[in-house]
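[1] Sequence and predicted structure below; questions after.
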Amino acid sequence: MAYKLKNQNMEKFSKVKELLASVEADAEKFYNSGNNAAGTRVRKAMQDLKVLAQEIRAEVTEKKNAK
């Protein structure tokens with residue numbers, strides 16, 4: 001059971017890395033070419049990252065305080 005929980009927590013961290021990697025091309029399009037549609041996709045991805053990061057922060061705090 002503990003392994004499954006660890007795996008789920010690392011899964012969220014992996015999602016953060018994947019999401020960041022997937023939005024890199026859109027960030028380049030927006031900043032280098034001024035592509036506004038790419039900027040919208042970057043903003044959406046950053047919001048998703050914010051949500052994932054907050055979930056991870058809450059889990060880390062919970063685990064830290066449980067010790």
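    The structure has been received and is ready for your questions. Numbering: from 1, shown residues only.

[2] after the lowest-mean-pLDDT helix or strand in the chain comes which helix or strand?
    Comparing helices and strands within the chain by mean pLDDT, DSSP states H and E singles out helix 2-33 as the least confident, with a mean of 87. Next along the chain after helix 2-33, taking DSSP states H and E as the criterion, comes helix 36-66.

[3] distance between that next one and the chain's centre?
    The chain centroid and the centroid of helix 36-66 are separated by 5 Å, computed with Cα atoms, centre = their mean, to the nearest Å.

[4] what angle separates that helix from helix 2-33?
    With axes from the mean of the first three to the mean of the last three Cα atoms, to 10 degrees as the basis, helix 36-66 and helix 2-33 are set at 150 degrees to each other.

[5] Can you work out which other helices and strands pack against helix 36-66?
    helix 2-33 (3 or more Cβ pairs under 8 Å, 6 or more residues apart in numbering; DSSP states H and E). Every residue, glycine included, has its C-beta placed from N, CA and C.

[6] In the helix it packs on, which residues are buried?
    If you call a residue buried by 16 or more other Cβ atoms under 10 Å, then helix 2-33 has these buried ones: 23, 26-27, 29-30.

[7] Stretch 55-67 now?
    For stretch 55-67, the neighbour count (16+ other Cβ under 10 Å) marks no residue as buried.
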